[in-house]
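Asker: Could you look at this predicted model? Sequence included:
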Amino acid sequence: MSTTKVLLGVVAGAAAGAILGVLFAPAKGAATRRLIAQKTEKQAEDLKEKFNDFIDHVTEKYSQAKEDIDETLDAEATEAKVS
């Protein structure tokens, strides 16, 4: 199972748990809706942050792989000129 699927599953589970907890809490409708909105906003912010971290990580790995390939190609080109 990929990391992104696990991450999305965990975030979705946490969001569902938070919303259900608020729905079953003994509070008035307006207060409950406000809490749901706040918790949903917080979960959305957390998800955006985790997604941005994931994108940064993938970008970093891509850049490193590109550098490694460029270095290898340069080294092979240098060897070909020397031979």
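Answerer: Cool, got the structure.
Asker: Now do the phi/psi pair for the residue positioned nearest the centre of the chain.
Answerer: When C-alpha atoms, centre = their mean is applied to the chain, the residue found nearest the centroid is Phe51 (2.5 Å). Phi and psi for Phe51, reported as degrees, to the nearest 10, are phi -60, psi -40.
Asker: For it, give its distance to Ala25.
Answerer: Applying C-beta to C-beta, to the nearest Å, the value for Phe51 to Ala25 is 29 Å. To be clear about C-beta, it is placed using only N, CA and C from the backbone, and glycine gets the same treatment.
Asker: For the protein, just list every one of the helices.
Answerer: Ranges of helices in the chain, per DSSP state H, are 3-23, 29-82.
Asker: Name the residues that touch the one helix or strand in the chain whose mean pLDDT sits lowest?
Answerer: Every helix and strand in the chain was compared by mean pLDDT, DSSP states H and E; the lowest is helix 3-23, with a mean of 78. Applying C-beta atoms under 8 Å, 6 or more residues apart in numbering, the external contacts of helix 3-23 come out as 32, 35-36, 39-40, 43, 46-47, 50, 54.
Asker: same check, this time on stretch 65-75
Answerer: So stretch 65-75 is contacted by nothing (C-beta under 8 Å, 6+ apart).
Asker: Please write out the alpha-carbon positions of that stretch in CSV.
Answerer: Taking Å, rounded to 0.1, in the frame of the first residue of the first chain, the C-alpha atoms of stretch 65-75 are listed here in CSV:
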residue,chain,number,x,y,z
ALA,A,65,18.0,11.8,-8.9
LYS,A,66,18.4,14.4,-11.7
GLU,A,67,21.7,15.6,-10.2
ASP,A,68,22.9,12.0,-9.9
ILE,A,69,22.0,11.2,-13.5
ASP,A,70,23.7,14.4,-14.7
GLU,A,71,26.9,13.6,-12.8
THR,A,72,26.9,10.1,-14.2
LEU,A,73,26.4,11.3,-17.8
ASP,A,74,29.2,14.0,-17.3
ALA,A,75,31.5,11.4,-15.9
